[in-house]
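A.B. asks: sequence first, then the predicted structure:
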Amino acid sequence: MITPQNLRIHELIGLEVRVARSLSVPYEGIEGRVVDETKNTLVILGKDGAERRIPKKGCVFEFVLPGGEKTELDGESIAFRPFDRLKKMKR
């Protein structure tokens, strides 16, 4: 079960997301579904069908959890390869 406390170690692909804040103003407000993730970026499929690659560092993301709860996550805290995130968080 995904909760705000364990979101960092879960799979982000498939979750609804919005860029709540960003050091780069053009990224703010971009929303959609996470369709891919790399060490440094999230790829978001917008409602218009366009994919946008957003850097994790410098952004705060608002994720909608499967139960409908919204939670914010600083991109700096997830700026690892997805499979490395779990290892780093378990230490």
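C.D. replies: That came in fine, so what should we check first?
A.B. asks: where exactly do the strands run in this structure?
C.D. replies: Taking DSSP state E as the test, the strands found in the chain are 16-22, 31-37, 41-45, 51-55, 59-64, 70-74.
A.B. asks: of those strands, which is nearest Thr3?
C.D. replies: strand 70-74 (8.4 Å; CB to CB). Yep, even glycine has a C-beta here, placed from its N, CA and C like the rest.
A.B. asks: report the strands that pair with the closest one, each with its relative direction.
C.D. replies: strand 59-64 (antiparallel) (DSSP bridges).
A.B. asks: give me the angle between the strand it pairs with and strand 16-22.
C.D. replies: With axes from the mean of the first three to the mean of the last three CA atoms, to 10 degrees defining the directions, strand 59-64 sits at 150 degrees from strand 16-22.
A.B. asks: list the buried residues for strand 59-64?
C.D. replies: Neighbour-count burial for strand 59-64 flags 59-61, 63 (criterion: 16 or more other CB atoms under 10 Å).
A.B. asks: what's the answer for stretch 44-57, then?
C.D. replies: 44, 52, 54-56.
A.B. asks: re the thing from before, got TSV for the buried residues of strand 59-64, with pLDDT and distance to Glu69 too?
C.D. replies: What follows is these, written out as TSV (pLDDT from 0 to 100; distance: CB to CB, whole Å):
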residue	pLDDT	distance to Glu69
Cys59	98	20
Val60	98	17
Phe61	98	14
Phe63	98	9
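A.B. asks: looking at the chain, which helix or strand is least sure?
C.D. replies: helix 82-90 (a mean of 71; mean pLDDT, DSSP states H and E).
A.B. asks: partner residues bridging the nearest residue to Asp36 once chain neighbours are set aside?
C.D. replies: Distances taken as CB to CB, 6 or more residues apart in numbering put Val43 closest to Asp36, at 3.8 Å, once the chain neighbours are dropped. Here Val43 sits in beta bridges with Asp36, Arg53, as judged by DSSP bridges.
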